[in-house]
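Visitor: Have a look; sequence and predicted model below, questions after that.
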Amino acid sequence: MRLVIRQDYDAVSYHVAKYVKERIREFSPSATKPFVLGLPTGSSPVGVYRNLVNFHQAGELSFQHIITFNMDEYVGLPRDHPESYHSFMWSNFFKHIDILPENVHILDGNATDLDLECQRYEERIAAVGGIELFLGGIGPDGHIAFNEPGSSLNSRTRVKTLAYDTIVANARFFDNDITKVPNLALTVGVGTVMDAREVCIIITGAHKALALAKCIEEGVNHMWTVSAIQLHPRGMVVCDEDATLELHVKTVNYFKSIEKVHEQLIGSDNVGLQGGVKSWRGNAEATYHQ
Ligand SMILES: N[C@@H]1[C@@H](O)[C@H](O)[C@@H](COP(=O)(O)O)O[C@@H]1O
């Protein structure tokens with residue numbers, strides 16, 4: 001797993017957006033070979049979306065051949081409610097880019113049969129060949145999507161009861177009134193996220209420092225569901241300095257040193273490198289290595 005540490009929220013947002021742009025360009029999507037992107041909501045990805053919109057407006061990135069699947073949605077909140085994840089995604093991202101509406105997938109928290117809706121969501125993901133890159137955020141209790149502590153690390157898309165801590169954390173979007181926060185959500189499972197060919201998690205702020213430490217320094221644990229990323233062959237966490245507060249200094253230094261070595265490799269000239277290593281390095285900036 002790779003841990004990338006940036007100074008603050010803005011630097012994290014720029015790094016992740018640039019990474020997404022490079023991955024999409026490298027993939028070179030087309031009508032017959034679309035890039036499938038998993039997406040989160042919440043305050044963590046807002047800066048990433050802002051940067052991606054900027055790249056699009058600067059003519060550097062098209063979303064025409066991108067298919068998206070969102071992580072989760074509240075149950076029972078009208079689709080046009082300002083705090084529904086449908087509203088969030090369209091106002092923060094989709095309406096500003098050239099994505100085809102039929103390529104956007106968000107769980108329907110008002111479906112008459114919620115279990116069927118979840119099953120179909122998994123089928124739709126499978127039908128497009130799985131997710132290439134899943135972006136995610138976490139709650140302060142280390143939950144990914146709405147996979148609250150204790151969720152099976154093999155879980156699939158399903159109906160989930162929200163933890164009281166999550167209801168309290170999300171009350172800020174509902175006039176700080178916990179009675180207005182829905183108690184149920186539809187969410188992709190931990191297994192659904194981990195099936196993606198690559199996973200990138202954004203963790204910012206001192207309030208998420210304990211969750212980051214649990215994710216990075218302790219074992220895989222269903223009480224901190226984001227820790228499942230340790231088992232992923234291409235997992236990356238991008239965090240800010242504030243989120244590192246609970247990490248050991250040696251852990252922070254270790255991951256920073258890895259990045260430094262990587263940067264030196266990218267930045268140095270080709271002297272001394274032979275064939276395969278040379279071409280490997282040619283792609284190294286956009287490609288993920290761990
Ligand atoms: N279901 C969402 C998660 O997907 C998100 O990661 C989390 C953190 O939100 P924020 O980024 O606002 O801290 O909030 C909700 O619980």
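Guide: Cool, the structure landed.

Visitor: Nearest residue to residue 197 in space, ignoring adjacent ones along the chain?
Guide: By the measure of CB to CB, 6 or more residues apart in numbering, the closest residue to residue 197 outside its immediate chain neighbours is residue 132, 5.3 Å from it. Where C-beta positions appear, they are placed from N, C-alpha and C, glycine not excepted.

Visitor: What residues does this protein have near the ligand?
Guide: Contact residues of the chain with respect to the ligand, defined by CB under 6 Å from any ligand atom, are listed as 40-44, 71-72, 137-139, 145-146, 166, 170.

Visitor: 5 Å instead?
Guide: Contact residues of the chain with respect to the ligand, defined by CB under 5 Å from any ligand atom, are listed as 40, 42, 43, 44, 72, 137, 139, 145, 146.

Visitor: Could you pull up phi and psi at the fifth one?
Guide: When you say that, I think you mean residue 72. Residue 72 has phi and psi values of phi -160, psi 170 when expressed as degrees, to the nearest 10.

Visitor: Once you drop chain neighbours, what's closest to it?
Guide: In this structure, residue 72 finds its nearest non-sequential neighbour in residue 187, 4.0 Å apart by CB to CB, 6+ apart.

Visitor: Now for that neighbour: which residues touch it?
Guide: With contacts taken as CB atoms under 8 Å, 6 or more residues apart in numbering, residue 187 has the following neighbours: 71, 72, 107, 145, 146, 147, 157, 158, 160.

Visitor: per-residue pLDDT, the closest residue to the fifth one other than its chain neighbours?
Guide: Read that as residue 146. Among residues not flanking residue 146 along the chain, residue 187 sits closest, at 3.6 Å (CB to CB, 6+ apart). Model confidence at residue 187, expressed as pLDDT, equals 98.

Visitor: Likewise for the one 5 residues further on?
Guide: Residue 192 is assigned 98 on the pLDDT scale.

Visitor: Assign residue 52 to helix, strand or coil.
Guide: Remark: residue 52 carries the secondary structure label helix [criterion: DSSP: H, G, I helix; E, B strand; the rest coil].

Visitor: Hmm, residue 215 and residue 246 touching each other?
Guide: No. In this structure residue 246 lies outside contact range of residue 215 using CB atoms under 8 Å: 10.5 Å.
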